[in-house]
Every structure is written in C-alpha cells, then in structure tokens.
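> need coordinates for the following:
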Amino acid sequence: MATAFERVQLARHPERPYSVDIFNSVFSEMIEIHGDRRFADDPAMVAGFARLDDREVCVIGQQKGRDINERRHRNFAMSKPEGYRKALRVMRLAEKFGRPIITFVDTPGAYPGIDAEERGQAEAIAFNLREMASIRVPIIVVVIGEGGSGGALAIGIGDRVYMLENAVYSVITPEGCAAILWKDAGRAPDAAEGLKLTASDLIKLGVIDEVIPEPEPWRIPEDEDKAALKAYNSIADSLKAKLKADLDRLTKLSPDKLLDARYDKFRKMGQWV
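Presented below is the predicted three-dimensional model:
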C-alpha cells in the first residue's frame with residue numbers, strides 16, 4: 001500500500017488524466033464557454049456544456065497542461081479570480097437551464113500573485129462557496145489529482161464528492177505544511193501522514209462520499225504510453241457509471257430537498273461526537 005506522500009507524488013504524476021482528458025473520454029459534444037464577463041478568460045479553468053450519454057450537463061475543471069508551454073498557458077492550474085468567476089457564470093447558466101453540474105478539481109491552489117489579489121482572489125473564492133451552496137441543480141465534485149486549499153474548494157461544494165484513488169485533498173501541500181511546522185520542507189512525508197489527505201483517510205472522516213478506483217500504471221517505466229491509455233479508459237468507465245447512477249438519483253429530488261441535503265452534508269463535517 002502506498003504511503004500518504006507516495007499518493008501525493010502519484011497525484012502530481014504528469015501522465016495522470018487531467019480534466020480535458022476526462023471531458024474527452026467521459027462526455028461528448030462539449031461546447032466550451034470562455035470569459036467571466038468582467039475581466040478576462042482564465043485558461044486554468046475550463047468550463048462548458050456537454051453530454052453524458054443522453055443527458056445534458058455542465059462540466060467545469062482545472063487544467064494543468066502537458067508540456068511546459070501549455071503549463072505556462074494554463075498557469076499550472078492555479079486559477080485567478082476570473083477563473084472562479086467564469087466557473088460561477090457557467091454554473092448559473094446551468095441552473096437557469098436545469099443542467100446538472102460536474103466539477104473536476106486538480107490544482108495545487110489558487111494563484112497567489114499580486115495581480116490576482118488586486119482583483120479580489122479571496123472574495124471570488126468565498127463568493128463561489130456561498131453561491132454553490134444555494135444552486136438549485138445537482139452538483140457532483142470529482143477530485144482527480146491535487147485538491148489544494150481554497151483553489152480546490154472554490155469549485156468543491158456539491159451533493160456528492162468523489163476522489164480518484166490516488167488523488168489528494170488538503171488545506172495545504174505537505175511541503176508547505178512542513179516548512180511552517182518544522183522549518184524543513186524535507187519533512188513533507190511526515191506532514192502528509194498528519195494531514196490525512198488521501199482518499200482512504202477522507203472517506204473515513206466523511207469529507208468525501210466515494211473513492212473511484214484506478215489502476216497503477218504510473219509506476220511502470222516501460223511502455224508508459226500504453227499504460228496511461230489503459231488507465232484513462234479504466235478510470236473513465238468507472239467514473240461514467242458512478243456519475244450516471246448518482247445523477248439519476250439526484251435529479252429525482254426537488255430543489256428544496258437537494259439544498260437541504262447539501263447543507264446538512266457540509267454542516268456535519270468536523271463535528272466532534
């Protein structure tokens with residue numbers, strides 16, 4: 001069994017499926033929507049509408065990029081305020097037209113640059129948290145890689161929260177935590193154990209609802225392309241089946257019952273019994 005820090009390294013593996021890979025393998029007929037209608041478009045956040053077989057859905061995901069040029073273009077999946085505002089704009093359209101929302105979390109965190117702070121980074125994240133809690137259509141959240149701090153939470157409020165088996169979800173990176181606690185980023189493995197950031201830890205704590213199994217090709221050095229493709233297909237099949245089953249159930253609930261259950265779900269987190 002992998003240690004917590006090994007899971008962190010797997011979550012960061014450059015050949016893992018990213019949001020756009022899942023859009024292409026699980027959904028069809030995607031139409032991407034750009035811009036927040038206030039400042040700019042943010043390539044770190046990809047959003048639009050697609051089909052899950054015969055169901056029309058809204059899809060939103062953070063995208064890291066495969067090579068150095070795309071990573072720079074996508075800002076390593078670290079969104080600026082306009083990315084979160086774009087996501088909320090698309091969610092509001094989904095609510096207007098009665099489309100379920102599916103978000104894919106994969107970011108080390110929100111972009112901490114001066115320009116992002118000047119444009120209201122914290123406000124954009126906080127506003128999304130409040131608004132997602134009251135959106136009157138089903139929301140499913142899938143943590144597919146790194147779920148880092150407020151950058152992940154800004155698209156992380158939903159009726160169901162899944163994690164891929166080797167994904168992580170935490171308030172801070174292990175390196176950042178170790179640097180703060182021990183002034184030594186080299187103790188990241190110790191911090192990873194203490195943060196309880198793996199899927200198996202978080203399902204026990206009630207933070208997530210479901211773990212999506214995945215094969216482990218990321219350790220195989222030979223023929224890595226084939227291994228990665230096999231993993232994509234396996235993950236896509238498992239995820240698609242789970243999404244369809246839960247959307248069938250959630251869409252039968254009235255908006256009021258949906259919101260009550262969502263509120264109760266997040267209020268229970270962190271309760272001490």
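> so what touches the helix or strand containing residue 201?
Under the criterion of DSSP states H and E, residue 201 resides in helix 199-205. Helix 199-205 is contacted from outside by 4, 7, 143, 163-169, 196, 208-211, 269, using CB atoms under 8 Å, 6 or more residues apart in numbering. Heads up, the C-betas are built off the backbone N, CA and C, glycines and all.
> max pairwise distance over these: which two?
Maximum pairwise distance among those (CB to CB): 22.5 Å, between 166 and 269.
> with neighbour numbers in mind, choose between those two.
Between residue 166 and residue 269, counted using other CB atoms under 10 Å, the more crowded position is residue 166 (27 against 9).
> and that one, that one's in a strand?
No - secondary structure assignment (DSSP: H, G, I helix; E, B strand; the rest coil) places residue 166 in coil, not in a strand.
> report all helices and strands that the helix-or-strand element of the chain with minimal mean pLDDT contacts.
Lowest by mean pLDDT, DSSP states H and E among the helices and strands of the chain is helix 224-250, with a mean of 82. With contacts taken as 3 or more CB pairs under 8 Å, 6 or more residues apart in numbering; DSSP states H and E, helix 224-250 sits against helix 19-26, strand 45-52, strand 55-62, strand 139-148, strand 160-164, strand 210-212.
> list the buried residues for the fourth one?
Looking back up the chat, that one is strand 139-148. Buried residues in strand 139-148, counted by 16 or more other CB atoms under 10 Å: 139-148.
> what mean pLDDT does the helix or strand where residue 71 lies have?
Using DSSP H and E, residue 71 falls within helix 68-74. In this model, helix 68-74 has an average pLDDT of 95.
> what does stretch 251-264 give?
Confidence for stretch 251-264, expressed as mean pLDDT, is 96.
> quick one: contacts of that stretch?
100, 133-134, 136-139, 157-159, 250.
> buried subset of the residues you listed as a ChimeraX selection?
Entered in ChimeraX, the line below selects the buried ones among the contacts of stretch 251-264, by 16+ other CB under 10 Å:
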select :100,137,138,139,157,158,159,250
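> just the contacts of stretch 251-264 now: which is nearest residue 109?
Using CB to CB, residue 157 comes nearest to residue 109 of the contacts of stretch 251-264, at 17.0 Å.
> and the least confident helix or strand of the chain with helix 19-26, angle?
70 degrees (axes from the mean of the first three to the mean of the last three CA atoms, to 10 degrees).
> got the buried residues for helix 224-250?
For helix 224-250, a neighbour-count test (16+ other CB under 10 Å) marks 227-228, 231-232, 235-236, 238-240, 242-243, 246-247, 250 as buried.
> again with stretch 183-200
Buried residues in stretch 183-200, counted by 16+ other CB under 10 Å: 187-188, 190-192, 195, 197-199.
> now that stretch, how far from the centre of its chain.
The chain centre lies 20 Å from the centre of stretch 183-200; the measure is CA atoms, centre = their mean, to the nearest Å.
> contacting residues around residue 268?
residue 206.
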